[in-house]
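*Asks:* model the structure of this input:
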Amino acid sequence: MIQLWPNVLASHIVRDNSTIFGSEIQFEPWQMDLVVSVTQIGSLVGFLSAGFFLSLVGRKWSLIITAIPGIFGSALITLSFNTYMVIAGRFLDGMTVGMANVAVFVYASEVSDVRVRGTLGMASHLLVQIGGITNISLGILLNWYYMSLICACFLLAHCLTVFTLHESPSFLAVKGHDEGALKVLRKLRGSHVDVHEELTYLQQQNQATDDTQGGRGLLQKQHLQKIGLMSGILFIHNFCGTQVLRMNATRQLQELGLPMDEKFTTILVIVVLFFGNFFMTLILDSFGRRRCIITSLMVVAASYISLGTFIYLQDTNPSLTDPRKDELLKFAYSVENATLTDVVAEGSAIMSISDWLPLVFLMFAAFGHSTGIGPLVWLLPPEMFPTNLRSQGTSVCMVIGSLQMFTILQLFSLMQDTLTQAGMYWLFAGVAVAGIFFIYFLLKETGGTRVG
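*Replies:* Next comes the predicted model:
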């Protein structure tokens, strides 16, 4: 909900720029970019903090600590009366997002059985999409500051829920609490599984890395290679438009000039992301990480090439744009509480199939992102590093990814101005094509293998 909250702000601020106190608030385009991208700066702090807390106090308590910055950040946004308070709140929200991205997926990889590890990790990501759909759906009825307040309430509920969880057996084993690790493993695996064998494997896998080394163990050649590989995968993830689509979906749809309310079209895109994640949850452990990413990049590349080409032809051939669409746009924005059904009914005689094509292409791109390159960058790092270095290694990878993410999100408006809309989507497609070859030649399959 925190990550997709800027879509609610972008949707409301063009019609009603009042705050909870009744005063007005104004956002320049670069400030709207910063509302989205500053969370990545906050995430840098969150990623590094997560690596520290996960190793110091364990996975369970780290999941509780994760929520604290977001509670204060969302409360600050709710009470904001200027842009600087919103940006500061988004920074704190970013800390929670960063810590959660490390803590949740590290925990999921350690408590799950190897046969369903990918499915459990994807289930976590599926809930992220449910949060996004909930946020944008409620955002149709509630203003941006109330939605931020709801985010704070959910984070408080999160803290209470985490108390019911078990500590990670991998963490307990590495810290020498063998009896505690065996007790948790019996609860998680069942009485029919030889948990002593799994505990022995955990201990053997981590003997090569002395726990007293801390993060210095990452300087070993094999781990530096893993960080380099993940840096490349994260670059592909960010610069093929994954985060731009998730966090700026409403603004992208506004720029496309679709003849319907962007709140409804945003929900359509987010719903596609959800179903893409759901589909991937069903096939991931059998289809494999590597093939999922390659297939998803093919869909992303084809979708953005088509979208960029359509926009280019439309811009260079004004005759392709039906001038009667202006009439429908006026209807969509002038009628209060107009629903998607109202707009479609009003425009059935006006709209042609070409009016829907940009949305169709964007929905195909969303499906491509959500079935591979989008969620799997969060699942891969915990599977690459042993328990002693899992939190630190994942944190370093996420810091690198966050810097890349900040760059692409902050350049969103500039890219549209300098590259044009068509050029921006062609850039995303080009990165996706390059990513296909990168993944094919360099990434080894991690599905079905044990994590130490």
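*Asks:* where are the low-confidence patches of this protein?
*Replies:* Where the chain drops to pLDDT under 70, the residues are 205-215, 257-263, 318-355, 448, 450-452.
*Asks:* which parts of the chain are strands?
*Replies:* Along the chain, no stretch is classed among the strands by DSSP state E.
*Asks:* residue 111: what's it in contact with?
*Replies:* 120, 166, 168-169, 188 (C-beta atoms under 8 Å, 6 or more residues apart in numbering). Backbone N, C-alpha and C define where each C-beta goes, glycine included.
*Asks:* what do you get for residue 106?
*Replies:* With C-beta under 8 Å, 6+ apart as the criterion, the residues that contact residue 106 are 54, 59, 168, 382, 390-391, 394.
*Asks:* how about these, which pair is most distant?
*Replies:* The widest separation within these, taken as C-beta to C-beta, falls between 168 and 394 and amounts to 13.3 Å.
*Asks:* just checking, residue 165 touches residue 62?
*Replies:* No: applying C-beta atoms under 8 Å, one finds residue 165 not in contact with residue 62, separated by 11.2 Å.
*Asks:* of the two, who's got more company?
*Replies:* Residue environment comparison for residue 165 versus residue 62 gives the larger neighbour count to residue 62, 28 against 13, counting by other C-beta atoms under 10 Å.
*Asks:* please name the nearest non-neighbouring residue to that one.
*Replies:* Excluding the flanking residues, the one nearest residue 62 by C-beta to C-beta, 6 or more residues apart in numbering is residue 53, at 4.3 Å.
*Asks:* around that neighbour, how many other residues sit close by?
*Replies:* A count of neighbours around residue 53, defined by other C-beta under 10 Å, yields 21.
*Asks:* from now on call the first residue 24
*Replies:* That works, and once the first residue is 24, the last one we named lands at residue 76.
*Asks:* that one and residue 135: what is the separation?
*Replies:* Relative to residue 135, residue 76 is positioned 21 Å away (C-beta to C-beta, to the nearest Å).
*Asks:* then residue 124?
*Replies:* Residue 124 is 17 Å from residue 135, where distance means C-beta to C-beta.
*Asks:* what do you get for residue 250?
*Replies:* Distance, residue 250 to residue 135, using C-beta to C-beta: 24 Å.
*Asks:* what sits against the nearest residue in space to residue 123 that is not next to it in sequence?
*Replies:* Nearest in space to residue 123, with sequence neighbours left out and distances taken as C-beta to C-beta, 6+ apart, is residue 89 at 5.0 Å. Residue 89 makes contacts with 69, 73, 119, 122-123, 126, as judged by C-beta under 8 Å, 6+ apart.
*Asks:* again, only this time at 7 Å
*Replies:* The neighbourhood of residue 89, defined by C-beta atoms under 7 Å, 6 or more residues apart in numbering, consists of 119, 122-123, 126.
*Asks:* over to residue 53?
*Replies:* residue 436.
*Asks:* also residue 304?
*Replies:* With contacts taken as C-beta under 7 Å, 6+ apart, residue 304 has the following neighbours: 142, 145-146, 149.
*Asks:* quick one, which of the residues you listed are buried?
*Replies:* With neighbours counted using 16 or more other C-beta atoms under 10 Å, the contacts of residue 304 contain these buried positions: 142, 145, 149.
*Asks:* and the nearest residue to the last one once chain neighbours are set aside, how close does it get to residue 154?
*Replies:* What it means is residue 149. Closest residue to residue 149 in three dimensions, ignoring its sequence neighbours and counting by C-beta to C-beta, 6+ apart: residue 300, at 4.6 Å. For residue 300, the distance to residue 154 under the criterion C-beta to C-beta works out to 12 Å.
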